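Visitor: Pasting the sequence and the predicted coordinates here, then a few questions.
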Amino acid sequence: MSYPTCSHLKSNGIPCASPALRGKTLCYFHQRDLDRTHQYSRLRRKAETMKLHLPPLETAADVQTALFKVIDALAANCIEPRRAAVLLFALQQASSNLRAAPKAA
């Protein structure tokens with residue numbers, strides 16, 4: 001049984017090879033990444049300030065999610081580097097506090 005594969009090339013030149021979404025040329029991950037890039041470029045063209053919706057920082061996974069969102073917005077030039085620096089410092093503090101917190105039994 002043959003199925004179409006993702007047409008994305010990794011940085012090392014090897015194709016992704018994951019199954020492509022139905023009617024698309026990319027897999028779920030790379031299609032989502034492309035959609036996110038298009039979303040940020042539309043925001044930039046409209047000259048809107050991107051509002052980051054960060055999750056409550058209760059777990060390490062929440063901190064990772066917030067970190068990804070800040071870095072992604074910074075890379076897409078949707079937030080000012082100075083604001084990103086403050087947010088990244090706050091995330092670093094949250095991560096330290098989570099590691100130092102006593103574990104509930």
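Guide: Arrived safely, thanks for sending.

Visitor: residues contacting the residue lying closest to Ala60 once chain neighbours are set aside?
Guide: Of all residues not flanking Ala60 in the chain, Leu98 sits nearest, at 5.8 Å (Cβ to Cβ, 6 or more residues apart in numbering). Any C-beta I mention is one placed from the backbone N, CA and C, and that applies to glycine too. Applying Cβ atoms under 8 Å, 6 or more residues apart in numbering to Leu98 gives the contacts Leu57, Thr59, Ala60, Val63.

Visitor: so Leu98 is in which element?
Guide: For Leu98, the element it lies in under DSSP states H and E is helix 81-100.

Visitor: Now that helix: average pLDDT?
Guide: Average pLDDT, helix 81-100: 92.

Visitor: tell me which residues in that helix are buried?
Guide: Neighbour-count burial for helix 81-100 flags Ala84, Leu87, Leu91, Ala94, Ser95 (criterion: 16 or more other Cβ atoms under 10 Å).

Visitor: Before I go, just wanted to say thanks for your time.
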